[in-house]
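S.K.: Provided below are the primary sequence and the corresponding predicted coordinates.
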Amino acid sequence: MLLIAKLHVGMDLDIKNELGQTPLIAAGLQGDNRLTREILLRTTAAAINAQDNSGLSALHASLKIGNNYESTELLL
């Protein structure tokens, strides 16, 4: 919920953590469909295709957890 609140006040969606993960990649890894949807409404194509330090994109992250079809569909 805190992250969604930050989105509403203009959080930087290109920021990366120590693993190189953007908020969108992290949302995909967590299987958080609501957060994924909220980020996609506010982000650029470059942020959608960003990769972390291991080369994982948000789409890859969503596929990695296996049963997160809604997030995967949102990212396609």
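M.R.: Done, it's in. Everything numeric in this text was worked out from a predicted model, so none of it was measured.
S.K.: lowest-confidence helix or strand of this protein?
M.R.: One helix or strand of the chain scores below all others by mean pLDDT, DSSP states H and E: helix 2-8, with a mean of 56.
S.K.: which SS class is the residue positioned nearest the centre of the chain?
M.R.: Centroid-nearest residue in the chain, with Cα atoms, centre = their mean: residue 24, separated by 1.2 Å. When classified by DSSP: H, G, I helix; E, B strand; the rest coil, residue 24 comes out as helix.
S.K.: just to check, it is in contact with residue 37?
M.R.: No - using Cβ atoms under 8 Å as the test, residue 24 is too far from residue 37 to be in contact (10.6 Å). Glycine gets a C-beta too; all of them are placed from N, C-alpha and C.
S.K.: where does this structure dip in pLDDT?
M.R.: 1-10, 67-68 (pLDDT under 70).
S.K.: now residue 46, what's its secondary structure?
M.R.: Reduced to three states by three-state DSSP, residue 46 is helix.
S.K.: nice, that's everything, thank you.
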